[in-house]
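[1] here is a sequence with its predicted model. Questions after.
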Amino acid sequence: MESLSFVPGPQGPQGPGHLQGRIQRPIHRPHWPSSATPQRQPLTALTALPLIGAALVGRARHGRRSISRGLRRGRRVAVHRAAQDWTRRDQLLDIEKEMQTLWEEEKAYEMDAPEDAPEKYFVTFPFPYMNGKLHLGHAFSITKAEFAARFARLNGKRVLFPFGFHCTGMPIAAAALKLKECIAKRGDATEAEAEATEVEADQADQAAEAAEAAPGVFKGKKSKSVAKTGGLDQYDIMLALGIPEEEIPKFTDPTYWLEYFPPLAIQDMKRFGTAVDWRRTFITTDLNPYFDSFVQWHFQKLKAKYLANGKRQTIFSMTTQQPCADHDRAEGEGVNPQEYTLIKLRVKEIPAEWKEQLGDGEVYLVAATLRPETMYGQTNCFVLPEGEYGFFRTKKGEIFVCSQRSALNMYYQDLMEGDEKNGPSGPNGPTSLMSKTGQDLVGLPLDAPLCQYETIHVLPMFTISMSKGTGVVTSVPAEAPDDYVCLRDWKTRSNWREQYKVKEEWCAPDVVDILTFEDDNEDAGSSDSASAPAICEQMKIGSHREKDKLAAAKKDVYQKGFYSGIMNVGPYKGEKVADVKTKIRDELIEKGEAVAYFEPESKVVARSGDECVVALCEQWYLKYSDEAWTKRVREHVESDFEMFSDASKNALAHAVGWLGDWACSRTFGLGTKLPWDEQWLIESLSDSTIYMAYYTIAHLVESLKAEDLTEEVFDYVFCISETLPKSPGVPKDLLVKMRKEFEYWYPVDLRCSGKDLIQNHLTMSLFNHAAVWEDSKLWPRAFYCNGHVMVNSEKMSKSKGNFLTLEEAISTYSADATRIACADSGDGLQDANFSTESCGKTILRLTTLQAWAEDAKARLPTMRTGDYTFLDEIFNNEINICLENAHTAYRKMLFTDALRCVWYDLENLRSQYSILTNGDVHAEVVERLLESQTITLSPIAPHFCENLWRNVLKKDTLVVKQRWPESKEIDAFLARQYALIQGSLRSFRLQLEKFKSPKKKSKEVPPKPTHAIIFVAKNYKPWQMEVLKVLQGIELNEDNEPMEKNFMGQLREAESIKAFPKQTMKQAMPFASFVMSKEVKARGAEALELELPFDEAAMLRDLSDVIKSQLGVQELQIVSSTEEEMESADT
């Protein structure tokens, strides 16, 4: 502990004297501001360029010509803004182009299986879909694989990072079809229309310029599909993608998309600096006959055990007339069919005026329920008064009364009569005999199955959603809080009954108690404690419009009903609800009193634009519900499989058990045909689960004929068979070489992906690997998942003007500035934030670092050499710490932390080294710092670092082929001394500021001090020593964190601490928290030692010149002192 006193100059008005203040020794390492950007103006031009946003000035209503004009104008705006000063950015772009050429010439990233067997690292990324250009969202996720691949290279591993492009599925075909229809509708505009369009465009331009005064302000809510397109039609979307107008008609052919976008993606990826072996790239679909053969082989393997054919309930697109899997959806990924029981409530008396339209057949109001076992408690039925209800004839001749939306689902489940399902234009839907409002249905007498009452009636309910279920709700007030409160309202509110023409006797039925509850302990409460009436009264729910309270009550009642409920009525009285629920449902269906009904769990919108239904489809499906198959995959996930976060691993484990059977065939779109049933195409997620194996041979197969890639060839190459195939079209040496490639590179060591693929692609990949290869050693070893990326704290969207393609990001900010901003955006499952402001600052920092590196390299011969001083040793040790921390962060895929270590922390060290040595730096330390930063920053900013390595440091090798810098064992004593120096200097400066600026206004400002005295305590205070002794007993994990999360509670309960006076206790708890969170976290258990392992006073004396320079004093005295002497000095 130090105490510092200042002595004013003798010429001051107060004369000589001391103003002393005790400063407790800080035991943390403060953050020092970087010196990399001193006194430089920010490059204010570096803001996100709203290229697409400006383009959308011309809305679809303006027609083709004005849209094009708006796009052109948007790019002029971008160029105008960028013209302010892009010299530094252009310098980086020139460097990047030069380094990319160098890597290509050196074939730096082309990797073949070697003759020997160095440790390998195989990293992959889900191939992006080729219905447009790569954008910043792709780039952000790609950097995770890119950084990991380059870090592995630095650790001496032989790294393969291949990259392909996905074209399978519906989106491209659907977009081509929409474009064709759009062109047909537009036709040729007349000259008058064109002139009017130009006027509208000019007005829109003026409005856009006015809007620029308030950037980032947007109104209105859009669905995912609308947000993606900004509400434009397909023609305008193509314009917004930068497609020349004369090219657009070519995109009506789906195959043209496959020719156009993959080369652009490769170009963008190369400009981005990815360490990809481009020899192995490929596209999917049968346009690539080699990959087509691979997928067919894959499905032959699946057919042997895990494929089945039959009718299943499936999410379905009415436009394309086929199942709509996750990749085919604009909204609703991960949504599955939800099964309901459709309760048939027979109308006992049909109004005479309806009979002519309805004809023969019983009429039923049909109510969708998830709790068929509660039908014993029905008291009435609810409808939405203003809702529209259709009367639809079923295939059995009955008439169902329900919403149009639910009838459409029933129609596709073969329950309803209707017009034929007629291809891509969609069906006309089920046959509606007539339509009535809910108010028209009020009062109808009903016969309800299992009901204790002979007749119940239809009543209004104002909170019914017509977009969920059938719009008809059967009322069970005993077990449904909404039903209970609504029925209670009708019973008690005579004015409501009068307004809606509800007779009092229709509301007369009392609540029927249908369940009792397990009373396992005294806390379980009475038998009706979980019933809806009891909970509604407890929560004081006064009206059926109190949605939030009712939702909470519903969740509580439903959970208790299923898990604890016991039937109190009917033939199953005394049995648990969980045991009889399915039995009751099946009996209702068998008797014809109910029907199984499905609809999507929530809204699903296909990429073709239509809202999906659930349809009963004939299809091929993968049996992911197979228990033995699932067990093998679960065991793999629960073993040493790496997910880098508990949240990711938990999500994957859940998906393994949840996935269920998966429809893998369709009839519309692009892809590979099922080899045994060519009317079907293989669905886009199903053909892309083990293609990582194809990467290992992709650069070799094109010397063959695709038909020569037989099942026997693939079995041998992929180590399923040991028998060398007798294939005249495939040379033996090539077969051996392909097998060698697979044996060396497989399995996948790391697969990086967005978090949205956990629930489908990543889980399916594990299943399909397990299906093809029995040996789990060939299954993927690790998945890393990241969140989505926002731009400037807003979701990236064309409609918001913050949408950036990868090409635009590189051209605007440079590849390395974009990569650094991605690294700085965040890690893990949380959504990240890409800051365009950060890009601008990064351009400055990079070019400033280059200038310093050039200067430092030139001055190395003039710098000090020979033996290291104390400060040289300290800073050399701090470099070791930075390297160790950076290595740990890279290994854990915490790239934001890694960037901080190799970018900010090393620059801070450089600055502090220069300050504390007063510029008298050692050449070896500076050179080591510069080389270490160049190598360790290279995974994130490879072009910049390669340029430093080659053109500044004058190395004749490639930085991308270097090894991680050698780091000597960290000296804990030196680290503690550095922390003490930094903390002491900071405290001294603060004390100086207090001395120069006294708080009391009346006190005169003292003159600038010329002398200072530092009092150094010989040990901690007694109470601090007691706290440290207790903390020494806390067990730490490998990250120097307490194993016991409630360690502060343990501290409070320690006898020695409980004896502290109240005032001391107030100091002890913050002290303990600080020591554990800062000191112990940084240095481990040695931070809890009661004495310093070095002479603090002697160290400060050695640094007296530095301290005098920092404080601006002429003389400095350092005195070792006891606590009592320091207290005396303070007085």
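    Perfect, thanks for sending it.
[2] what is the mean pLDDT for stretch 838-846?
    Averaged over stretch 838-846, pLDDT sits at 94.
[3] so what's residue 769 up against?
    Going by CB atoms under 8 Å, 6 or more residues apart in numbering, residue 769 touches 689, 690, 747, 778, 779, 780. For glycine as for every other residue, the C-beta is placed from the backbone atoms N, C-alpha and C.
[4] quick one: residue 1071 from residue 977, how far?
    Using CB to CB, to the nearest Å, residue 1071 is found at 21 Å from residue 977.
[5] ok, back up a step: out of the contacts of residue 769, the closest to residue 415 would be?
    residue 689 (34.2 Å; CB to CB).
[6] so that closest one touches residue 770, yeah?
    No. Counting by CB atoms under 8 Å, residue 689 does not reach residue 770; the two are 10.5 Å apart.
[7] so which strand or helix has residue 469?
    Per DSSP states H and E, residue 469 falls between elements, in no helix or strand.
[8] find the nearest non-adjacent residue to it, please.
    residue 368 (4.0 Å; CB to CB, 6 or more residues apart in numbering).
[9] the one you found pairs with what?
    residue 342 (DSSP bridges).
[10] can you get me a residue count around it?
    24 (other CB atoms under 10 Å).
[11] measure residue 585 to residue 576 for me?
    The value you get for residue 585 to residue 576, if CB to CB is used, is 15 Å.
[12] out of those two, which sits in the busier spot?
    residue 585 (20 against 15).
[13] before we move on, the earlier item: so which of the contacts of residue 769 wins on neighbours?
    Within the contacts of residue 769, residue 690 tops the neighbour count with 25 neighbours, counted by other CB under 10 Å.
[14] in contact with it, which residues?
    Here residue 690 is in contact with 298, 765, 768, 769, 772 (CB under 8 Å, 6+ apart).
[15] between those residues, which is nearest residue 866?
    residue 765 (58.1 Å).
[16] next, count neighbours for the closest residue to residue 788 other than its chain neighbours.
    In this structure, residue 788 finds its nearest non-sequential neighbour in residue 831, 4.9 Å apart by CB to CB, 6+ apart. Using other CB under 10 Å, residue 831 has 15 other residues around it.
[17] contacts only, for residue 831.
    Applying CB under 8 Å, 6+ apart, one finds that residue 831 lies in contact with 787, 788, 789, 790.
[18] and the closest residue in space to the first one that isn't next to it in sequence, what pLDDT?
    Think residue 787. Nearest residue to residue 787, sequence neighbours excluded (CB to CB, 6+ apart): residue 831, at 4.2 Å. The pLDDT attached to residue 831 in the predicted structure is 91.
[19] separation between residue 831 and residue 140?
    Taken as CB to CB, the span from residue 831 to residue 140 is 10 Å.
[20] in contact with residue 1108, which residues?
    Contacts of residue 1108 (CB under 8 Å, 6+ apart): 1012, 1114, 1115, 1116.
[21] doesn't residue 655 make contact with residue 758?
    Yes. If you go by CB under 8 Å, residue 758 and residue 655 touch, sitting 5.7 Å apart.
[22] quick check: neighbours shared by these two?
    In contact with both residue 758 and residue 655: no residue, using CB under 8 Å, 6+ apart.
[23] distance check, the closest residue to residue 779 other than its chain neighbours against residue 629.
    Nearest non-adjacent residue to residue 779, counting by CB to CB, 6+ apart: residue 769, 4.3 Å away. To residue 629, residue 769 is 11 Å away according to CB to CB.
[24] need the overlap of contacts for these two.
    If you check residue 769 and residue 629 against CB under 8 Å, 6+ apart, no residue is contacted by both.
[25] from the contacts of residue 1108, which is closest to residue 184?
    Among the contacts of residue 1108, and counting by CB to CB, the member closest to residue 184 is residue 1012, at 86.1 Å.
[26] what sits against the nearest residue to that closest one once chain neighbours are set aside?
    Closest residue in space to residue 1012, ignoring its immediate chain neighbours: residue 1113 at 4.9 Å, by CB to CB, 6+ apart. Residues near residue 1113 by CB under 8 Å, 6+ apart: 6, 1009, 1010, 1011, 1012.
[27] and residue 1113, which of the three is it?
    Three-state call for residue 1113 (DSSP: H, G, I helix; E, B strand; the rest coil): coil.
[28] and if you look at residue 566?
    Applying three-state DSSP: residue 566 is strand.
[29] kindly state the beta-bridge partners for it.
    residue 516, residue 576.
[30] residues near it, how many?
    Residue 566 - counted by other CB under 10 Å - has 20 other residues nearby.
[31] I figured it hits residue 513, correct?
    No. Applying CB under 8 Å, one finds residue 566 not in contact with residue 513, separated by 11.6 Å.
[32] need the residues touching each of the two.
    Shared contacts of residue 566 and residue 513, defined by CB under 8 Å, 6+ apart, are absent.
[33] phi, psi for residue 121 please.
    phi -150, psi 120 (degrees, to the nearest 10).
[34] ok, now residue 666?
    phi -160, psi 170.
[35] might you report the residue contacts of it?
    Residue 666 touches 170, 322, 323, 325, 619, 680, 681, 683, counting by CB under 8 Å, 6+ apart.
[36] who does it bridge with?
    On the basis of DSSP bridges, residue 666 is bridged to residue 681.
[37] quick one: secondary structure of the nearest residue to residue 477 once chain neighbours are set aside?
    With sequence-adjacent residues excluded and distances taken as CB to CB, 6+ apart, residue 477 is closest to residue 484, at 3.8 Å. Following three-state DSSP, we place residue 484 in the helix state.
[38] how about the one 3 residues further on?
    Here residue 487 is helix, with the state taken from three-state DSSP.
[39] ranges for the strands of the stretch 401-550 of the chain?
    For the stretch 401-550 of the chain, the strands defined by DSSP state E, counting those that start in this stretch cover 432-437, 445-447, 456-460, 472-475, 515-517.
[40] so who does the residue sitting nearest the centre point of the chain touch?
    Closest to where the C-alpha atoms of the chain average out (CA atoms, centre = their mean) is residue 787, at 1.5 Å. Residue 787 makes contact with 754, 755, 826, 828, 829, 830, 831, 832 under the criterion CB under 8 Å, 6+ apart.
[41] the fourth one: neighbouring residues, count only.
    What that stands for is residue 828. For residue 828, the count of nearby residues is 18 (other CB under 10 Å).
[42] ok, now which ones touch it?
    Contacts of residue 828 (CB under 8 Å, 6+ apart): 645, 647, 786, 787.
[43] in strands only, show me those.
    In strands, defined here by DSSP state E, the members of these are residue 786.
[44] so where's the protein uncertain?
    Scanning the chain with the threshold set as pLDDT under 70 gives 1-85, 188-231, 420-428, 518-530, 799, 998-1005, 1018, 1093, 1121-1131.
[45] hang on, the earlier thing: and the contacts of residue 690, which two are the farthest apart?
    298 and 765 (11.8 Å).
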